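K.L.:
I need the structure of the sequence given here:
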Amino acid sequence: RKGSAKWYEQFGFSYSVNMRNTITAKEKEILQKSFLTDWQNGIQHNLPISLPGFNLFKYINMSPSFSYSEKWYFSHIEKTWYPDQTFLDRYGRPTHIKTDTITGLKRNYQYSYSLSASTNIYGMFMPKNPKSKIVGIRHKVSPSLSFSYNPDFGNPKYGFWKQVQQDSTGRMDYYSIFDGGIYGYTGRGAAGMVSFSLTNNLEMKMRDTRDTTGTSKFKKVKLIDNLSLGTSYNLIADSLNLSPVSIRGRTTVQGVGVNFGTTINPYITNEKGILINEYAWNHNRGLAKLGRLVNANLSFGMQFNSKKGEKESEKAKEAIEDENLLPGDMSNYVDFNIPWDFGFDYSFTYMRPNPYLKGKFTQTVNLRGSLNLTQKWRINMNTNYDIMARQFSFTSFSVYRDLHCWEMSLNFVPFGRMKSYSFTLNARTSVLRDLKVSKQRSFYDNF
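P.N.:
The predicted model follows:
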């Protein structure tokens, strides 16, 4: 149908459900465990709804939405204070609080409303010199403002949270009756959040100096890719309303993608390092007025691979994505077309949540690579090196064997706390994915 969509055609919603039932126990004990009290189980429903959007003053896009989620649990807990009796909590510590498990279906739900506004602002710079290699520079700024609200699900009318005495002084504290649930639980406290974000993209258009045909071909260079700033303000909270300011960005240096970010807290702390409801703007000078640097990070990486087999590799990916040829997805297959590949990633982080304590630095290098021993055998390697600790933190090897309709894989971690191995022989098609033979030794056995 031609023409713009009617307002009632712009409603959209999706529904998803997830069911889980898990337990951690020895094999001989599983059949002796109770489904309701020993297993962790539940059903989670999600129902996000998008409402018809509209334009404000022609250039501002307004998008309202409503989100609802619900968790079904087959048991919940009740806590009671007994001053003359002693029990053990989940960590084995003595306590006077008894925790009872009550069986039966119990619903835990939450919902929220939101309204967001966004637009794009463009700026252009054109060099006056007609012989300049730079054709133009474009700056795109994308501000966004949103408001969201959710009620206080800790209110007694919902029944999700209750109080229990903590000690002989009569001190009371709240607990969720769904504590320990496999999908978590709804938090306490209402929230009326106003969120703001600002994204910048800086792109340069240049003449391709390698072009000798005189057709004046151009190439685009991303100087800044998604330099973003974001924060939020809670209109309902009684203190510390402003969230830390998050800054993230990406750029390219000599073909290498560099990611960086930082978090700035606008509040100061007391002498114990605890946040107080006082802005740094009113107490500090210079750049410190903006707030405290809580953390910062920097990362980059490079990838090298054999040029041989690249075309075959792309064709194989297309075939795998076409379920009529090879059911499944690329992650289920090993690419034997490229003889070798190698890459590394460097990561640097700095953290200092307490200004009265020294900051913590971490530097790690991740090395990864793969090699075709033959046309049917492939070996992969992945290792992490902690520069500050001067030791390898995690190393793993994988060996694959292509058996045409079948696939054999051996994965092992040779040392460390995660020391383990697994051997699998399985059918490659997704239809027969459950047809497999496996043998493994979990890292849990190390403890």
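K.L.:
give me the contacts around whichever strand or helix holds Phe394.
P.N.:
Here Phe394 sits within strand 391-403, counting by DSSP states H and E. By C-beta atoms under 8 Å, 6 or more residues apart in numbering, the surrounding residues in contact with strand 391-403 are 334, 336, 364, 375-386, 407-416, 418. (Glycine included, C-beta is placed from N, CA and C.)
K.L.:
who does it pair up with?
P.N.:
Counting by DSSP bridges, the strands paired with strand 391-403 are strand 377-386 (antiparallel), strand 406-413 (antiparallel).
K.L.:
quick one: residues contacting Lys272.
P.N.:
Tyr356.
K.L.:
and what of Asp89?
P.N.:
Counting by C-beta under 8 Å, 6+ apart, the residues that Asp89 touches are 95, 97, 99.
K.L.:
likewise for Thr383?
P.N.:
366-368, 392, 394-396.
K.L.:
filter those to the buried ones?
P.N.:
366, 368, 394-396 (16 or more other C-beta atoms under 10 Å).
K.L.:
would you map the helices across this protein?
P.N.:
Using DSSP state H, the helices found in the chain span residues 310-321.
K.L.:
so what touches stretch 70-82?
P.N.:
Under C-beta under 8 Å, 6+ apart, the answer for stretch 70-82 is 35-37, 41-45, 96-110, 162, 164-166, 175, 177-181, 183-185.
K.L.:
chain center to that stretch, what's the gap?
P.N.:
Distance of stretch 70-82 from its chain centroid, counting by C-alpha atoms, centre = their mean, to the nearest Å, is 29 Å.
K.L.:
buried residues of it, list them for me.
P.N.:
70-77, 79, 81.
K.L.:
quick one: which of the residues you listed is nearest to Thr263?
P.N.:
Distance to Thr263 across those (C-beta to C-beta) is lowest for Lys71, with 30.4 Å.
K.L.:
identify the bridge partners of that closest one.
P.N.:
Going by DSSP bridges, Lys71 is paired in beta bridges with Gln44, Asn108.
K.L.:
confidence-wise, which helix or strand of the protein is lowest on average?
P.N.:
Least confident helix or strand of the chain, by mean pLDDT, DSSP states H and E, is helix 310-321 with a mean of 59.
K.L.:
returning to that earlier point: to Gly257, which of the strands paired with strand 391-403 lies closest?
P.N.:
Once the strands paired with strand 391-403 are compared by C-beta to C-beta, strand 377-386 is nearest, at 19.6 Å.
K.L.:
give me the below-cutoff pLDDT ranges for the stretch 101-250 of the chain.
P.N.:
The model of the stretch 101-250 of the chain has pLDDT under 70 over residues 209-216.
K.L.:
mind listing the strands for it?
P.N.:
121-125, 134-150, 161-165, 172-176, 191-207, 218-234, 245-253 (DSSP state E, counting those that start in this stretch).
K.L.:
for Glu27, find the nearest of these.
P.N.:
Taking C-beta to C-beta, strand 172-176 is the member of those nearest to Glu27, at 32.1 Å.
K.L.:
that closest one - contacts with which helices or strands?
P.N.:
strand 161-165 (3 or more C-beta pairs under 8 Å, 6 or more residues apart in numbering; DSSP states H and E).
K.L.:
tell me which residues of the strand it packs on are tucked away?
P.N.:
For strand 161-165, by 16+ other C-beta under 10 Å, it's 161, 165.
K.L.:
could you list every helix and strand in contact with it?
P.N.:
Counting by 3+ C-beta pairs under 8 Å, 6+ apart, strand 161-165 packs on strand 60-81, strand 172-176.
K.L.:
let me have the ones you listed in a markdown table, extended by distance to Ser299.
P.N.:
A markdown table is the format used below for the helices and strands packed on strand 161-165 (distance: least, C-beta to C-beta, whole Å):
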| stretch | distance to Ser299 |
| --- | --- |
| strand 60-81 | 32 |
| strand 172-176 | 36 |
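K.L.:
residues touching Leu229, list them.
P.N.:
So Leu229 contacts 197-198, 245-247 (C-beta under 8 Å, 6+ apart).
K.L.:
partner residues bridging it?
P.N.:
Under the criterion used (DSSP bridges), Leu229 bridges to Leu198, Ile247.
K.L.:
next one: the spatially most central residue of the chain from Thr101, what distance?
P.N.:
The centre of the chain sits closest to Arg248, judged by C-alpha atoms, centre = their mean, with a distance of 14.6 Å. Using C-beta to C-beta, to the nearest Å, one obtains 43 Å as the distance from Arg248 to Thr101.
K.L.:
can you check Leu435 too?
P.N.:
For Leu435 relative to Thr101 (C-beta to C-beta), the value is 38 Å.
K.L.:
and Asn155, how many neighbours?
P.N.:
13 (other C-beta atoms under 10 Å).
K.L.:
quick check on it: phi, psi?
P.N.:
When read as degrees, to the nearest 10, the backbone of Asn155 gives phi -60, psi 140.
K.L.:
and it, how far is that from Thr186?
P.N.:
Counting by C-beta to C-beta, the gap from Asn155 to Thr186 is 11 Å.
K.L.:
same question, Gly136
P.N.:
51 Å.
K.L.:
of the two, which one has the most company?
P.N.:
Shown here are Gly136 and Thr186; by other C-beta under 10 Å, Thr186 has more neighbours (19 against 14).
K.L.:
so the more buried one versus Gly12, what's the distance?
P.N.:
Thr186 is 25 Å from Gly12, by C-beta to C-beta.
K.L.:
swap in Asp173?
P.N.:
Applying C-beta to C-beta to Asp173 and Gly12 gives a distance of 42 Å.
K.L.:
now do Ser246
P.N.:
For Ser246, the distance to Gly12 (C-beta to C-beta) stands at 29 Å.
K.L.:
next: Gly416.
P.N.:
For Gly416, the distance to Gly12 equals 47 Å [C-beta to C-beta].
K.L.:
those two: who's more crowded?
P.N.:
Neighbour tally, Gly416 and Gly12, criterion other C-beta under 10 Å: the higher count belongs to Gly416, 15 against 11.
K.L.:
look up how far Asn61 lies from the more buried one.
P.N.:
Distance from Gly416 to Asn61, by C-beta to C-beta: 50 Å.
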